[in-house]
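In: give the three-dimensional model of this entry:
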Amino acid sequence: MFKITRRNLAFLCIVAIPNTFFTFGILYIINSIVAGRKVIFAEYQAPVFFLMVLLSFGLNVFLQRKVIVFTFNSIYENEMKIFRCLQRTSLQQLEKIGAERIYGVVEDVRLFVAFPGVITTTISSALSLVIGIIYYFVLSVYSALIVITLIGFISIVYRLTKKRLFNRVLMLRSLNDKYFKVVDDIIRGFKELKMNSVKSGNLFNVFLAGNRLFVRDEETAVGSRYSVINLFNQYGLYLLIGIILFVLPIFNLLKPADVISFVVILLFILGPLTNLLNTQTFFTKVTVANKRIAEFMQELEVLNLSTADTGKKNNTEEIETIRFEDFCYQHQDDNAESSFVLGPLNFTIRRGETVFVIGGNGSGKSTFINCFTGLYQPSKGTIYLNGKPLLNDDNHYKDSVSAIFTDNHLFSRNYDDYSLSGNKEYERLLALMKLEKVVINDDEVSARRKFSKGQSKRMAMIFALLEERPFIVLDEWAADQDPHFRRFFYEKLLPMLKEEGKTIIAVTHDDAYFKHADRILKFDYGTIVKDIRPREKEIEARSLWEL
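Out: The predicted structure is shown next:
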């Protein structure tokens with residue numbers, strides 16, 4: 001959240017006050033020479049004029065640099081604060097917040113990039129406007145009141161009209177968002193549209209054409225009104241000049257000698273006035289963005305309280321057993337109503353075991369994986385490591401587990417401590433996964449390009465094995481592999497990992513390979529309904545799918 005303190009305001013005033021005098025002096029000299037008046041320091045007017053221009057320029061440069069430093073320091077601090085909070089946030093909390101909102105807040109922070117230019121323009125314009133108004137009153141009080149009233153009237157009409165049009169522009173943006181979703185459907189669903197004339201016809205003729213037709217009419221109307229209000233602003237200036245030239249002198253409200261001065265001042269303040277009117281939209285956006293950032297940060301800080309460091313020391317010994325005791329996880333939907341309950345779970349996993357997790361869709365397998373990896377915290381019950389309770393903030397446990405989820409993500413850069421360049425283990429794993437002809441270089445770019453789903457899972461396996469962690473969790477890893485690699489996974493890779501001493505938790509539907517597990521856990525409606533050791537007795541795959 002961006003805050004302007006009293007100290008910041010005091011600094012702005014300290015810089016602004018002398019700059020106001022310099023600007024006033026510049027305007028005074030220009031106006032006196034144009035009107036044919038004698039200035040106070042006539043013999044030094046040229047040096048004084050250039051000196052004041054240089055001093056005013058120097059102060060503005062100094063001010064802008066300070067504002068730029070303040071702004072980008074604030075942007076950096078807010079960006080880092082957001083991501084530090086996100087780093088402490090649990091997966092449940094992240095899912096509750098939603099990715100769209102995070103992207104929105106990040107975009108809100110970036111809105112302040114334009115702040116230095118706008119704030120310096122605003123200060124400079126406000127000072128110029130104040131100086132011009134003061135000068136008007138020095139020349140003629142009544143004429144000043146009339147001109148300022150007319151300027152105010154034109155400004156209010158201009159501002160209100162633009163505000164009303166701005167609301168219509170926001171509506172157009174929402175329509176364009178819908179338009180881009182349709183465009184996304186066209187690109188991503190191109191094959192399906194080619195094979196369904198009804199769907200294709202409705203998409204193009206109803207949704208796309210309807211959206212574009214309405215947007216065309218609205219943009220035409222908004223564009224017409226914008227042109228009218230801009231012309232109103234322009235011809236309002238001509239009207240003011242006409243009043244100054246012809247009306248005010250007729251009623252003896254303005255001396256003929258001061259007419260030129262009034263016109264010069266009007267031209268002088270017109271630019272600053274337009275700047276101030278135009279920056280109102282930016283400040284409205286900034287105010288709304290700042291409010292959203294503040295609300296988001298407050299919500300994150302509240303959420304982080306529930307995952308705060310307990311202060312207890314994490315267990316750093318090697319993990320031999322993981323025991324779930326009366327473990328329950330309750331998932332809540334957006335209305336805070338219970339929609340799914342995992343548990344109670346009571347079982348123990350020992351180091352070196354190969355455990356297959358099976359069950360139908362919605363049985364709780366993926367939720368269990370998130371709980372096992374420590375991403376979901378229990379609603380009640382406890383996980384014990386070597387007989388000791390697992391703490392919510394125990395990073396040692398999470399750092400002992402490598403995981404490849406169904407929606408695995410290959411990072412765009414190498415954030416781990418190992419290097420791929422010249423890495424013999426990396427080269428061995430590439431050959432093992434039959435990717436040495438796909439990833440031909442040992443650089444990061446080649447390893448992180450776009451792959452097929454199966455290749456992506458194999459690259460994820462390589463990166464997971466390079467982490468050299470004792471536990472590996474695989475959520476339907478084999479589902480995206482061809483028959484050859486599926487067989488390789490169960491008959492070669494898993495036994496190899498077991499020989500290396502790894503504990504394997506694998507979610508699978510491949511009943512033909514159940515014999516390769518030390519143990520099979522079957523989930524149904526959030527509970528373990530079967531816990532079988534296939535190597536201890538003969539089982540039929542079909543019987544495992546029966547309750």
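
In: packing partners for whichever strand or helix holds residue 47?
Out: Taking DSSP states H and E as the definition, residue 47 sits inside helix 45-88. On a contact count with 3 or more Cβ pairs under 8 Å, 6 or more residues apart in numbering; DSSP states H and E, helix 45-88 meets helix 6-35, helix 99-110, helix 115-139, helix 256-305. Heads up, the C-betas are built off the backbone N, CA and C, glycines and all.

In: what does the average pLDDT come to for it?
Out: If you average the pLDDT over helix 45-88, you get 87.

In: next structured bit after it?
Out: helix 91-97.

In: could I have that next one exported to CSV, CA atoms only?
Out: These are the backbone C-alpha positions of helix 91-97, laid out as CSV (Å, rounded to 0.1, in the frame of the first residue of the first chain):
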residue,chain,number,x,y,z
LEU,A,91,-2.2,-23.8,-0.6
GLN,A,92,-5.7,-23.7,0.8
GLN,A,93,-5.4,-19.9,1.3
LEU,A,94,-4.0,-19.4,-2.2
GLU,A,95,-6.9,-21.3,-3.6
LYS,A,96,-9.3,-19.2,-1.6
ILE,A,97,-7.7,-16.0,-2.8
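
In: neighbours around the closest residue to residue 119 other than its chain neighbours, how many?
Out: Spatial nearest neighbour of residue 119, chain neighbours left out: residue 67 (5.4 Å); criterion: Cβ to Cβ, 6 or more residues apart in numbering. Using other Cβ atoms under 10 Å, residue 67 is surrounded by 21 other residues.

In: the inter-axis angle of the helix holding residue 47 versus helix 256-305?
Out: 20 degrees (axes from the mean of the first three to the mean of the last three Cα atoms, to 10 degrees).

In: what angle do helix 99-110 and helix 45-88 make with each other?
Out: Using the same axes, to 10 degrees: helix 45-88 against helix 99-110 is 160 degrees.

In: picking that back up, surely the residue nearest to residue 119 meets residue 122?
Out: No. Residue 67 is beyond contact range of residue 122, at 10.4 Å (criterion: Cβ atoms under 8 Å).

In: avg pLDDT for the host helix or strand of residue 520?
Out: In the assignment (DSSP H and E), residue 520 maps to strand 519-524. Taken as a whole, strand 519-524 has a mean pLDDT of 94.

In: what's the answer for stretch 425-433, then?
Out: For stretch 425-433, the per-residue pLDDT averages 92.

In: and it, how far out from the chain's middle?
Out: Here stretch 425-433 is found 36 Å from its chain centre; the criterion is Cα atoms, centre = their mean, to the nearest Å.

In: and the gap between the residue positioned nearest the centre of the chain and residue 6?
Out: Centroid-nearest residue in the chain, with Cα atoms, centre = their mean: residue 103, separated by 2.3 Å. Look at residue 103 and residue 6: by Cβ to Cβ, to the nearest Å, they are 34 Å apart.

In: residue 293 too?
Out: 21 Å.

In: between these two, tell me which one has more neighbours.
Out: residue 293 (22 against 7).

In: thinking again about what came up before, keeping just the C-alphas, turn the strand holding residue 520 into CSV.
Out: Extracted in CSV, the C-alpha atoms of strand 519-524 (Å, rounded to 0.1, in the frame of the first residue of the first chain):
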residue,chain,number,x,y,z
ARG,A,519,1.1,-51.6,-0.3
ILE,A,520,-2.1,-50.4,-1.9
LEU,A,521,-4.4,-47.8,-0.2
LYS,A,522,-7.8,-47.5,-1.7
PHE,A,523,-9.8,-44.3,-1.1
ASP,A,524,-13.6,-43.9,-1.4
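
In: summarise which helices and strands that strand is packed against.
Out: Using 3+ Cβ pairs under 8 Å, 6+ apart, strand 519-524 sits against strand 354-359, strand 527-532.

In: next, the angle from the last one to strand 519-524.
Out: Strand 527-532 and strand 519-524 are oriented at 150 degrees to each other (the same axes, to 10 degrees).

In: what's the angle between strand 527-532 and strand 354-359?
Out: Going by the same axes, to 10 degrees, strand 527-532 makes 140 degrees with strand 354-359.

In: now strand 527-532: mean pLDDT?
Out: Per-residue scores along strand 527-532 average to 92.

In: and it, what other elements does it pack with?
Out: Using 3+ Cβ pairs under 8 Å, 6+ apart, strand 527-532 sits against strand 338-350, strand 519-524.

In: ranking those strands by mean neighbour count, which comes first?
Out: When you average the neighbours per residue for each of the helices and strands packed on strand 527-532 (mean count of other Cβ atoms under 10 Å), strand 519-524 leads with a mean of 20.

In: ok, residue 321 - contacts?
Out: Contacts for residue 321 (Cβ atoms under 8 Å, 6 or more residues apart in numbering) come out as 348, 349, 350, 351, 384, 385, 386, 387.

In: one step back: mind checking how far the strand holding residue 520 is from the chain centre?
Out: 39 Å.

In: ok now stretch 259-272, how far from the chain's centre?
Out: With Cα atoms, centre = their mean, you get 44 Å for stretch 259-272.

In: just the buried positions in that stretch, please.
Out: For stretch 259-272, the neighbour count (16 or more other Cβ atoms under 10 Å) marks 259, 260, 261, 262, 263, 264, 265, 266, 268, 269, 270, 272 as buried.
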